[in-house]
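Asks: Build me a model from this:
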Amino acid sequence: MEPQVKNETRTHNHTPGLAVAETEAPKKSSKRFIIVLILLVVVGGTFGISKYIHSLYHEETDDAQIDANISPVIPRISGYVSSVKVSDNQRVKKGDTLIVLDNADEVIKVAQAEAALAAAKSNLGVAHASTAAAQANVASSKANISTADAQIDAARVNVWRANQDYERYSNLIKDHSITQQQYEQALASKQTAERQLQVLVEQKNAAARVSNASESQSAATGQQVSVAEATIQQRQADLDNAKLNLSYTVITAPEDGLVSKINIRPGQYVQAGQSLFSVVGDNNIWVVANFKETQLDKMKVGQKVIVHVDAYPGHDFEAKVSSFSPATGARFALLPPDNASGNFVRVVQRLPVKIEFANPNDKIVQQLRPGMNVDVDVHLDK
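Replies: Numbering: from 1, shown residues only. The predicted model follows:
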C-alpha cells in the first residue's frame, strides 16, 4: 500500500506549478498584443503624419498619361496608290516620301494646261498686231485730216481772191471797161474755187469718218489685248494648279517621327481628305495630368514636377507645370454634361494640366510613347 501513497503524494505536489504556468501564459500574450498594438499605432501615426505633411506641399494624381503630336497623313487628291515607301513603326524625317499615287491623269492635265497657255500667248500676239495696225490706221487718218485742213485753208484763200476778182469785174462790166469774156473768166474762177473748197471739205469729212472708225477699231483691239492678257493669267493659273495637283501625287511626312500601322496597299483607291495613317512626332513629348478641381488652388505654372512612368519603375523624370486647360475635360466631350438640368448631382471635375519634361533630349524620355500611364507629383510652393 505504500507505493500507492507515494504516487498520490507526488501528484499532489506538482499541481500548484501547473496552475502558475497557466496564469503566466495569458499575461505574456496580453503584453505581446499591447506591444504589437503600440507598434501599429506608432507606425500608422508616423505614416499618417508623413502623408499629411507631404500633402501640404505636394499634389499627386495617377490620372495622367504621355502625349505627343500625332499628325494624320491625308491625301489632297483622289487616286490609286502606286507604291508605299514606308512600313509599320518606321522612323521618318520631315519631307520623306510615304506614298506615291498614280500620276498619269495629272501629267496629262499639266500638258493640256501648257498647251492652253501657249494658245493664249499666241492670241495675245495676234491682238498686239491688230492693235498696232489699228493705231497705224489712226495715225494715217489723222495725217490725212491735217493735209485736208491745209488744203482747205489754201482753197479758202483762192475763194476769197476769186470773189474779189469777180466783184471788181462785175463793176467794170457795167461801165464796159472790160470785155464779156474777161467777166465770164472771173465768174468761172470764182465758181471753180468754191467747188474745189467744197470738195476738200467733203474729203476732210470722209477722212474724219475713217479716223473715227480707226480709233474705234483701235479701242476694240485694245480690249482684245486686255482679254488676251486675262486669258493668259487664267491659263497660267490652270497650269499652276495642274502642277500643284501633280506634286500632291507624292505624299510626304509632315514632321519627324514614327509611322503608325499602315493599312494602305498598292492599287488601293484613296479619297482626298481620307486619313490613311499617322505620324507620331518624337521631337516634343509631354504629360497631360487630369487633376481634380479641388487640387488646383495652389498649383501654378513653372512648379517642379516629378513624373513616374509605369514602363520605367523607380526612375524619376523631372518636369514642370507648363499650362492649364481653358476648360475641364468634360466640356470637350461630344455630349458635354449640363449640371444645371435635371437632378443636380455635384461631381468633382478634372482639369487637364500640361506638364513638360525638363530634359526632353534624355534618351529615356525619347523612348516614351503617347498613351503610357504615369504618376505625377507636383511640388507646391512653400
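Asks: residues near the closest residue to Q151 other than its chain neighbours, how many?
Replies: Of all residues beyond its chain neighbours, the one nearest Q151 is L200 (4.9 Å), with distances taken as Cβ to Cβ, 6 or more residues apart in numbering. (Each C-beta comes from the backbone N, C-alpha and C, glycine too.) When neighbours are defined as other Cβ atoms under 10 Å, L200 has 20 of them.
Asks: and what of G79?
Replies: Per other Cβ under 10 Å, the neighbour tally for G79 reads 20.
Asks: before we move on, what about I178?
Replies: A count of nearby residues for I178, using other Cβ under 10 Å, gives 17.
Asks: What helices and strands are in contact with the longest helix along the chain?
Replies: In the chain, ranked by residue count with DSSP state H as the criterion, the top helix is helix 104-174. Identification of packing neighbours for helix 104-174 by 3 or more Cβ pairs under 8 Å, 6 or more residues apart in numbering; DSSP states H and E yields helix 180-247.
Asks: Give the partner strands of the next helix or strand after the helix it packs on in its sheet and their orientations.
Replies: Tracing the chain C-terminally past helix 180-247 and defining elements by DSSP states H and E, one meets strand 250-252 next. Using DSSP bridges, the neighbouring strands of strand 250-252 in the sheet come out as strand 97-101 (antiparallel).
Asks: Only the C-alpha atoms, please, for the partner strand, written as PDB.
Replies: Only the C-alpha atoms of strand 97-101 are listed here, as PDB (Å, rounded to 0.1, in the frame of the first residue of the first chain):
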ATOM      1  CA  THR A  97       8.200  60.200 -99.300                       C
ATOM      2  CA  LEU A  98       5.500  58.000 -97.700                       C
ATOM      3  CA  ILE A  99       3.100  57.100-100.500                       C
ATOM      4  CA  VAL A 100       3.100  57.700-104.300                       C
ATOM      5  CA  LEU A 101      -0.200  57.900-106.200                       C
END
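Asks: What are the buried residues along it?
Replies: Taking 16 or more other Cβ atoms under 10 Å as the neighbour-count basis, strand 97-101 is seen to contain the buried residues 98-101.
Asks: same question, stretch 240-260
Replies: Burial within stretch 240-260, assessed by neighbour count using 16+ other Cβ under 10 Å, is assigned to 242, 245-246, 248-249, 251, 253-260.
Asks: Now distance to I35 and pLDDT too, for those residues, in a markdown table please.
Replies: As requested, those are exported to a markdown table (distance: Cβ to Cβ, whole Å; pLDDT from 0 to 100):
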| residue | distance to I35 | pLDDT |
| --- | --- | --- |
| A242 | 91 | 95 |
| N245 | 85 | 94 |
| L246 | 86 | 95 |
| Y248 | 80 | 95 |
| T249 | 82 | 95 |
| I251 | 74 | 95 |
| A253 | 68 | 94 |
| P254 | 68 | 91 |
| E255 | 64 | 91 |
| D256 | 63 | 91 |
| G257 | 61 | 91 |
| L258 | 59 | 92 |
| V259 | 63 | 94 |
| S260 | 60 | 92 |
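Asks: Taking those residues together, which two end up most distant?
Replies: The most widely separated members of the buried residues of stretch 240-260 are A242 and L258, with 34.1 Å between them, by Cβ to Cβ.
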